[in-house]
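Novice: Here you go, sequence then predicted model.
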Amino acid sequence: MSRDRLRRGLALLERRRPPRVRAGQRLPGGILLKTPEEIAMLRESGRLVAQLFELLGQAVRPGAVLRDLDRMVEEEIRSRGALTLYKGYRGQPPTQPPFPGVICASVNEEICHGIPDGRRLEEGDIVGIDIGLRHQGWCGDACVTYAVGQVSAEAARLLQVAEECLWKGIAAARPGRSLRELGAAIQEHAETHGYSVVTAWGGHGLGRSLHEPPSVPHTGEDSNLGRIQLREGMVFTIEPMINAGSPDCEMLPDGWTVVTPDGRLSAQFEHTVAITADGAQVLSAL
């Protein structure tokens, strides 16, 4: 093969190859793509979060006090040279009080943002624990809902389906697909089993900041947000909240805890993922 033909062939391959993500590259809507090097840093932060869930799996049991679990996670985060993200966090509106805990601890009918206070876990409870941290400037974020001791068949089934919903969403997160397709995979699985998906809260982009664009819906509703196409270099959380009853929710007077109005159980599982040529790479696992 002549050098000219080889040169033309290489040039053609370069044109077909997706452009390399540049540091700081933004898509419409403010979505910030991450380079492979930045994703590696996010992976380290996510790995620390996964380590904390390993410890919590041994500590969550009947009689455990939420405040003690919170203190344990704070000590472990600091021992790893990382910073907590939730403690002191202020959301919207500006009048909302700063969040008082290092973890969110949502028990039974609490959907999300439960406060780790002096409550003692009881046999048969379920508790969703959400952890956020920053390590070397990059954030890690995930959530696991634990069974406390022996739980009812109803609770065990909800936990199983809720975790399956997360993995359905992860499997659907591939380049060229839309956020709506990701959400539709979650919604279809939940509703097939008689459950509902909370629509008032969703996932979010993650990087140097805890909350970046895009917002990530967990249903297949056709919207401008849902039409966003996934691209290599996008990093975001998938965190479906699955209710045993209706998808409705309401906030308690503490300004943070979100509960099911019908008092039925809710469960949440969350991972941070990076979109790669091969699909979603889970960043918040061991």
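Specialist: Arrived safely, thanks for sending. Residues are numbered from 1 along each chain as shown.
Novice: in which helix or strand would I find residue 37?
Specialist: Residue 37 is located in helix 36-59, with elements delineated by DSSP states H and E.
Novice: Next, the residues that contact that helix from outside, please.
Specialist: With contact meaning Cβ atoms under 8 Å, 6 or more residues apart in numbering, helix 36-59 is reached by 21, 23, 34, 69, 72-73, 76-77, 80, 82, 129, 131-142, 144, 146, 206-207, 233, 235, 272, 274, 281-286. Heads up, the C-betas are built off the backbone N, CA and C, glycines and all.
Novice: what are the ranges of the strands in the stretch 101-250 of the chain?
Specialist: 103-107, 110-112, 126-135, 138-147, 196-197, 203-205, 212-216, 235-238, 241-243, 250-251 (DSSP state E, counting those that start in this stretch).
Novice: packing partners for the first one?
Specialist: In this case it means strand 103-107. helix 66-79, strand 126-135 (3 or more Cβ pairs under 8 Å, 6 or more residues apart in numbering; DSSP states H and E).
Novice: and that strand, average pLDDT?
Specialist: Strand 103-107 shows a mean pLDDT of 98 in the predicted model.
Novice: Okay, now the sheet partners of it, with direction.
Specialist: strand 126-135 (antiparallel) (DSSP bridges).
Novice: Now do the strand it pairs with and helix 66-79, the angle between them.
Specialist: 20 degrees (axes from the mean of the first three to the mean of the last three Cα atoms, to 10 degrees).
Novice: How about the helix holding residue 37, which residues are buried there?
Specialist: 38-39, 41-43, 45-46, 48-50, 52-53, 56 (16 or more other Cβ atoms under 10 Å).
Novice: Check the offset of it from the chain's centre.
Specialist: Centroid separation for helix 36-59 versus its chain: 12 Å, with Cα atoms, centre = their mean, to the nearest Å.
Novice: Sort out which of the contacts of helix 36-59 are buried, if you could.
Specialist: Here, 16+ other Cβ under 10 Å leaves 21, 34, 69, 72-73, 76-77, 82, 129, 131-135, 138-142, 144, 146, 206-207, 233, 235, 272, 274, 281-284 buried among the contacts of helix 36-59.
Novice: Quick check: residue 131 vs residue 156, distance?
Specialist: 23 Å (Cβ to Cβ, to the nearest Å).
Novice: now the nearest residue to residue 171 once chain neighbours are set aside: how far from residue 202?
Specialist: Excluding the flanking residues, the one nearest residue 171 by Cβ to Cβ, 6 or more residues apart in numbering is residue 185, at 7.0 Å. According to Cβ to Cβ, residue 185 and residue 202 sit 14 Å apart.
Novice: Would you confirm that residue 170 contacts residue 284?
Specialist: No. Counting by Cβ atoms under 8 Å, residue 284 is not a contact partner of residue 170; they are 11.0 Å apart.
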